[in-house]
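Peer 1: I need the structure of the sequence given here:
(one chain, ligands or ions: 1)
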Amino acid sequence: MSLIELNKRQDAILQIVKENGPITGEHIAERLGLTRATLRPDLAILTMAGFLDARPRVGYFYAGKKSTVAITESMLNLKVKDFQNVPVVVSESMTVYDAICHMFLEDVGTLFVVDKDSYLQGVLSRKDLLRSSIGTQDLNKIPVHIIMTRMPNIAYCLDSDSLVLTATKLIEREIDSMPVVKETEKGIEVIGRLTKTSITRAFISLAETHDL
Ligand code: ADP
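Peer 2: Have a look, this model is predicted:
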């Protein structure tokens with residue numbers, strides 16, 4: 001996929017630079033039997049698009065497709081499975097008090113709630129737990145299934161899903177994380193956790209991959 005269509009001469013220049021770079025504009029022109037002035041616009045386009053890098057007194061060298069095209073390509077190829085974390089799950093009968101302790105101990109911002117067969121039933125966020133802590137209720141007496149966000153309102157993703165699509169879902173639903181699941185006939189199995197931190201890690205890896 002390329003958004004920038006190169007003409008024949010630009011392709012020829014790229015080929016020459018790939019094989020001979022660093023090479024001066026003069027020498028590229030010589031090889032093509034053209035003048036330096038004729039080549040100037042093509043060289044400018046190739047440099048601006050990120051195909052070529054130019055160094056004073058050294059010449060042109062191939063920079064790869066370090067352009068928005070290449071970055072867009074790798075961004076669309078990022079998958080949930082490459083950035084997901086281990087999920088932290090609790091049982092729906094756990095008390096709110098224990099869930100709060102669990103959240104601290106496991107150092108996560110969201111707990112996934114499963115039934116006795118380990119299928120996804122709900123989600124508990126920090127604010128869900130905080131909200132239920134306001135007031136006089138005995139947190140040791142309330143099971144988490146009373147306060148959790150429950151199925152079928154849970155947003156989840158598959159490990160084969162595109163990370164960009166999943167990030168969009170996180171923002172649209174205004175949530176911090178999503179369970180990564182496997183859908184089976186009997187129910188939804190939780191196999192991972194995809195959070196805003198996962199998206200941040202992906203963002204950094206993209207920058208590193210492209211030497212930004
Ligand atoms: P916080 O409560 O710390 O702001 P979130 O923004 O993730 O964390 O949660 C906001 C609300 O959305 C909570 O009530 C929570 O239960 C719910 N929620 C969190 N994750 C999901 C999800 N994947 N699907 C549906 N609801 C969710």
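Peer 1: who's in contact with the residue of the chain most remote from its centre?
Peer 2: Relative to the C-alpha centroid of the chain, counting by C-alpha atoms, centre = their mean, G33 is the outermost residue, at 46.2 Å. By C-beta atoms under 8 Å, 6 or more residues apart in numbering, no residues touch G33. In this view, the C-beta of every residue, glycine as well, is placed from N, C-alpha and C.
Peer 1: which element follows the helix or strand harbouring L194 toward the C-terminus?
Peer 2: Using DSSP states H and E, L194 maps to strand 188-195. Following strand 188-195 in sequence order, the next helix or strand is helix 196-209 (DSSP H and E).
Peer 1: pull out the buried positions in that next one.
Peer 2: Residues of helix 196-209 classed as buried by neighbour count (16 or more other C-beta atoms under 10 Å): 198-199, 202.
Peer 1: check which helices and strands it is in contact with.
Peer 2: Identification of packing neighbours for helix 196-209 by 3 or more C-beta pairs under 8 Å, 6 or more residues apart in numbering; DSSP states H and E yields helix 68-77, helix 163-173.
Peer 1: among the ones you listed, which comes closest to the ligand?
Peer 2: Nearest to the ligand, of all the helices and strands packed on helix 196-209, is helix 163-173, at 6.2 Å by C-beta to the nearest ligand atom.
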